[in-house]
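# sequence first, then the predicted structure, then my questions.
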Amino acid sequence: MKKLFSIMYKNPLFICLILLTTFYNAKSNPPPQADRSVIFKRAQSLDNGISISWLEQTWNKNVLTVNPIKNSDFALIKTLGFKSVRLPVAFAYFENAHIPIEKVFAHIDEVLKQCHNYGLKLIIDYHYGKLNDNNYLTETPKIIASWLIIAKKYIRESPDDVFFELYNEPQRMNEQIWKDAAYNIVTAIRKIDPTRTLIVGASNYNSIYELSRMVRLADENIIYTFHFYEPFLFTHQGADWVGDQVATTGIPFPYNPKTYPPLNPQIIGTWGETNYYQYKTDGNEQSVRDKLQIVKSWSVKYNVPILCGEYGVYTKYSDENSRCRYIKAVRKYLKTMHIPGMLWDYNTNFSIFDGPPSISNLSDCMKDAIDYKSSK
């Protein structure tokens, strides 16, 4: 496996050869298939899920030396009623840092083992790629190289239990370039694993709007994913990695004119200013439903399964009752529309817990929001 990585990343002639032989324009018309029930059933088996984000934490110097997830965490995930785990992995980061892929696989294997033990489905997610409109001819082969190794590693795992998510949140880019890149990654994986269910999202960070404009790929075994953080002004309030656009904090859900905070001057002139004044329209359950209906209508149009791969609320500046109301609303409409959903995330700054993960650190309103019912 190391040898394949070395060839793909260090030999420009080999990269060019791959580009010349495999980079085709994406096809959109799949061959007729009488029964799509298997792929829809697999999609529904992921509901409801949660992300464990430890292996995507590129800022954490101990990311591969200290494992924060214990067996008891999987038991808790099962107890709370979750049926699947999404595991984002920073494959490109580890490769660039010259970390042996076997070391990364050792951690994935442990997660997989615990998922098997507790009857949880697993999504292996390629996180933090650098693909964009300018470098796709060189970046796509690198992504393919990684997936060839991953696909060979997990070829014996049941496609009912283990899923591959091609690429987390492709940035804002030409939709045809992203679609062609996704098609080529899918095509490469299919040469090794023809039966694995793959998960593909749209550009602009798995946007619901980009997905609604996307034309499906010519592959019957794909679940299409989107991330749902609408209204973003609420779910990401105060998130420093986003910038001044979300500097206004103390935003309630739903919108309440009596408790709505004054505009933070930092957001003036950004899209956050528009969103601030729009929030009295967007900050309610009906708006959540209407936005989810956008992707639901798209899935019906193409008769393909969809997955809400991430939803949740940044905890630092949002009040707990608002978080509970929001998560309950999103879950309600996902369920009504038969869209499987996955919370972001288990134990970091979007966690549903008030402290380290445990039932004792789960508030009553959050228990209600995630529909947890004690067996006692």
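Here it is on my side, so go on.
# first to last residue in stretch 341-355, what's the distance?
In stretch 341-355, first residue to last residue: 23 Å (CA to CA, to the nearest Å).
# for this structure, what spans make up the strands?
49-51, 84-89, 121-126, 162-165, 198-201, 222-228, 306-311, 341-343 (DSSP state E).
# ok now the first one, how far from the chain's centre?
Computed by CA atoms, centre = their mean, to the nearest Å, the chain-centroid distance of strand 49-51 equals 9 Å.
# thinking again about what came up before, between the strands of the chain, which one is nearest to residue 252?
Among the strands of the chain, the nearest to residue 252 by CB to CB is strand 306-311 (18.1 Å). For glycine as for every other residue, the C-beta is placed from the backbone atoms N, C-alpha and C.
# now what about the closest one, what contacts it?
43, 46, 51, 86, 123, 165, 199, 201, 206, 211, 223-229, 292, 295-296, 298-299, 327, 330, 334, 339-345 (CB atoms under 8 Å, 6 or more residues apart in numbering).
# need the CA coordinates for that strand. CSV is fine.
Only the C-alpha atoms of strand 306-311 are listed here, as CSV (Å, rounded to 0.1, in the frame of the first residue of the first chain):
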residue,chain,number,x,y,z
ILE,A,306,-30.6,11.3,0.1
LEU,A,307,-28.8,11.7,3.4
CYS,A,308,-28.5,14.7,5.8
GLY,A,309,-24.9,14.0,6.5
GLU,A,310,-24.5,16.7,9.1
TYR,A,311,-26.8,18.9,11.2
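# got the angle for that strand vs strand 222-228?
Angle of strand 306-311 versus strand 222-228, following axes from the mean of the first three to the mean of the last three CA atoms, to 10 degrees, is 40 degrees.
# residue nearest the centroid of this protein?
residue 309 (4.1 Å; CA atoms, centre = their mean).
# one step back: in a markdown table: the strands of the chain, plus mean pLDDT.
Formatted as a markdown table, these follow (pLDDT from 0 to 100):
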| stretch | mean pLDDT |
| --- | --- |
| strand 49-51 | 98 |
| strand 84-89 | 98 |
| strand 121-126 | 98 |
| strand 162-165 | 98 |
| strand 198-201 | 98 |
| strand 222-228 | 98 |
| strand 306-311 | 98 |
| strand 341-343 | 98 |
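# closest to residue 281 out of these?
Among the strands of the chain, if distance is taken as CB to CB, the winner is strand 222-228, at 17.6 Å.
# adjacent strands (with direction) for the closest one?
strand 198-201 (parallel), strand 306-311 (parallel) (DSSP bridges).
# could you give the angle of the longest one to strand 84-89?
Read that as strand 306-311. Using the same axes, to 10 degrees: strand 306-311 against strand 84-89 is 70 degrees.
# now strand 306-311, how far from the centre of its chain.
Here strand 306-311 is found 6 Å from its chain centre; the criterion is CA atoms, centre = their mean.
# for the shortest one, same thing?
Relative to the mean C-alpha coordinate of its chain, strand 198-201 is positioned 9 Å out (CA atoms, centre = their mean).
# show me the contacts for residue 42.
By CB under 8 Å, 6+ apart, the residues touching residue 42 are 159, 160, 163, 197, 223, 305.
# what subset of the residues you listed is buried?
159, 163, 197, 223, 305 (16 or more other CB atoms under 10 Å).
# nearest to residue 77, of those?
residue 163 (16.7 Å).
# check contacts around that closest one.
So residue 163 contacts 42, 46, 121, 122, 123, 124, 196, 197, 198, 199, 223 (CB under 8 Å, 6+ apart).
# mind running it again at 7 Å?
Contacts for residue 163 (CB atoms under 7 Å, 6 or more residues apart in numbering) come out as 121, 123, 197, 199.
# format these as JSON lines; extra columns: distance to residue 141.
Shown next, in JSON lines, are the contacts of residue 163 (distance: CB to CB, whole Å):
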{"residue": "121", "distance to residue 141": "30"}
{"residue": "123", "distance to residue 141": "24"}
{"residue": "197", "distance to residue 141": "24"}
{"residue": "199", "distance to residue 141": "21"}
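# farthest pair in these?
121 and 199 (11.5 Å).
# more neighbours: those two, which one.
residue 199 (24 against 21; other CB atoms under 10 Å).
# for the more buried one, which non-adjacent residue is closest in space?
Nearest residue to residue 199, sequence neighbours excluded (CB to CB, 6 or more residues apart in numbering): residue 165, at 4.0 Å.
# quick check: end-to-end length of stretch 338-350?
By CA to CA, the extent of stretch 338-350 from end to end equals 24 Å.
# would you mark the buried spots in it?
Buried, per 16+ other CB under 10 Å, within stretch 338-350: 339, 340, 341, 342, 343, 344, 345, 346, 347, 350.
# and for it, what's in contact with it?
Looking at what lies outside stretch 338-350 - CB under 7 Å, 6+ apart - the contacts are 43-44, 46-53, 68, 84, 86, 292, 296, 306-316, 331, 334, 351-352, 357.
# now swap in stretch 267-280 and tell me
With CB under 7 Å, 6+ apart, stretch 267-280 has contacts from 231, 232, 233, 244, 245, 246, 247, 248, 251, 255, 263.
# inside helices: which ones of these?
232, 233 (DSSP state H).
# buried subset of the contacts of stretch 267-280?
Applying 16+ other CB under 10 Å to these flags 231, 232, 233, 244, 245, 246, 247, 248, 251, 255 as buried.
# turn the residues you listed into a markdown table, columns for pLDDT and distance to residue 102.
As requested, these are arranged in a markdown table below (pLDDT from 0 to 100; distance: CB to CB, whole Å):
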| residue | pLDDT | distance to residue 102 |
| --- | --- | --- |
| 231 | 98 | 43 |
| 232 | 98 | 39 |
| 233 | 98 | 43 |
| 244 | 97 | 43 |
| 245 | 97 | 41 |
| 246 | 98 | 40 |
| 247 | 98 | 43 |
| 248 | 98 | 46 |
| 251 | 98 | 45 |
| 255 | 98 | 51 |
